[in-house]
Each structure stands twice: as structure tokens, then as C-alpha cells.
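Peer 1: what follows is a predicted structure for the sequence shown.
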Amino acid sequence: MKPLIILFFLMLSLVGFSQDKTKLRILTSVGIMGGESEARPVYQLGAGLAFGRYYLGAGFGQDRYKFKSLPLFGDFRIDLGVKRLLFTYINAGYNFSEKISEEFTWQQTSFSQSGGAYFDGGLGYRIVLGKKNKLLLSAGYSRKDFSLTRTFKTICTTGNCPDAVFQYKYNLGRISTKISWELW
């Protein structure tokens, strides 16, 4: 959390020394991700700098699709069209897994989980609400990687038997729809 706070204040100080065309943008998003599993909500918060048509920032959020996770990502956007109402975006980073409460059976000896890559990209439309407020509607494709490892004792009559290790890797691709509030 500390790196995000430091990054935010660094970007804020850059705005003070930058040209007139460089602006700070803060994005708050709520959305739904759906795929083979039940559709679940996603929440994101990000900040960055806009340089003309281009935006570069960083963000974090909570993703509740299939397994709860906390994505930390870089955000890149390009405004399209003369009025810059259309945009395309790419978020890429790492997906930290939230702890799953695991009930052990008498044979299970260990359980571990880990996150993985995070990606979200798509197209959107910007609705101007005022000079500094905009509502963003976007749709795209998102993917998060996640893995679980379970280890079980095996029973055998010869003595020292190897443990049975089961590793599950999830590459969760899903469709995303988000509504965002952009302040700058």
C-alpha cells in the first residue's frame, strides 16, 4: 500500500511542474466480470497523468471473480476521435490472491495459493458531466491467473511414501463491463 501512496504523491508533484497540457486524472471504477463462472463485481481505483491524447497511470482494485484477488496494475489509455469521447485502454500487472479459508482433512498436510498475471483491455465511451467530471462506460476482455497447491499424505505399507501433490492452475478469461468516474 505504501508504494501506491508514494506513487500518487510523486505524480501529484509532477503535475505542479508540468506543462499546461499535462493533467492529473483520478479514476474510480465499478464493474462486472463474467465468463464460465458466475458473474462477479470488480472495483478499481487509479491515478495517472494525461499527456494530450495519452494517459499513463497506476491502479489497484478488488476482483471477486471465481477467487477473490487484489490486482495491482499499470493503466494505459488513448483517447480517440476529434472530441476525444472514445477511448481504448490496457491494464496489465499482477494479481495478488486473497487467502482462502481451507479446511484440512486428516490426510491433507499443506495448502498454498498464489496469484499471477493480470490483464484488462477494451474500448469505452466518455460522457462529459462538467468541466472536471466525466462518466466512462467501457467493455472489454480481462484475464487473471491463479494457482492452488494441495499436498496429501499417502498411506502405504512399505514405510516412507511420497506425498501426493495436486497443483491447480487457473487462467480465468472473462468479459468485463465497467462504469467509471473520471476526475481531472
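Peer 2: All right, it came through fine.

Peer 1: what about the strands in this structure?
Peer 2: Ranges of strands within the chain are 22-34, 40-51, 54-63, 69-80, 86-97, 108-114, 116-128, 133-152, 164-183, based on DSSP state E.

Peer 1: can you list the low-confidence ranges for the protein?
Peer 2: Residue ranges of the chain with pLDDT under 70: 1-20, 101-106, 108.

Peer 1: what do you get if the cut-off is 50, keeping everything else the same?
Peer 2: Along the chain, segments meeting pLDDT under 50 span 4, 14-18.

Peer 1: which residue is nearest the centroid of it?
Peer 2: Taking C-alpha atoms, centre = their mean, the centroid of the chain lies closest to residue 71, which sits 3.6 Å from it.

Peer 1: so who does that residue touch?
Peer 2: The contact partners of residue 71, by C-beta atoms under 8 Å, 6 or more residues apart in numbering, come to 44, 60, 61, 63, 91, 93, 94, 95, 96, 118, 120, 144. Heads up, the C-betas are built off the backbone N, CA and C, glycines and all.

Peer 1: the third one against residue 31, yeah?
Peer 2: No. Look at residue 61 against residue 31 with C-beta atoms under 8 Å: they stay out of range, at 9.4 Å.

Peer 1: any common contacting residues for those two?
Peer 2: In contact with both residue 61 and residue 31: 42, 43, 44, using C-beta under 8 Å, 6+ apart.

Peer 1: circling back to that earlier point, which of the contacts of residue 71 ranks first by neighbour count?
Peer 2: With neighbours taken as other C-beta atoms under 10 Å, the top of those is residue 120, carrying 29 neighbours.

Peer 1: can you tell me how far that one is from residue 33?
Peer 2: Using C-beta to C-beta, to the nearest Å, residue 120 is found at 9 Å from residue 33.

Peer 1: on that earlier part again, could I get the contacts of residue 71 as JSON lines with distance to residue 174?
Peer 2: Below are those laid out as JSON lines (distance: C-beta to C-beta, whole Å):
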{"residue": "44", "distance to residue 174": "15"}
{"residue": "60", "distance to residue 174": "19"}
{"residue": "61", "distance to residue 174": "14"}
{"residue": "63", "distance to residue 174": "10"}
{"residue": "91", "distance to residue 174": "14"}
{"residue": "93", "distance to residue 174": "16"}
{"residue": "94", "distance to residue 174": "18"}
{"residue": "95", "distance to residue 174": "13"}
{"residue": "96", "distance to residue 174": "18"}
{"residue": "118", "distance to residue 174": "12"}
{"residue": "120", "distance to residue 174": "10"}
{"residue": "144", "distance to residue 174": "8"}
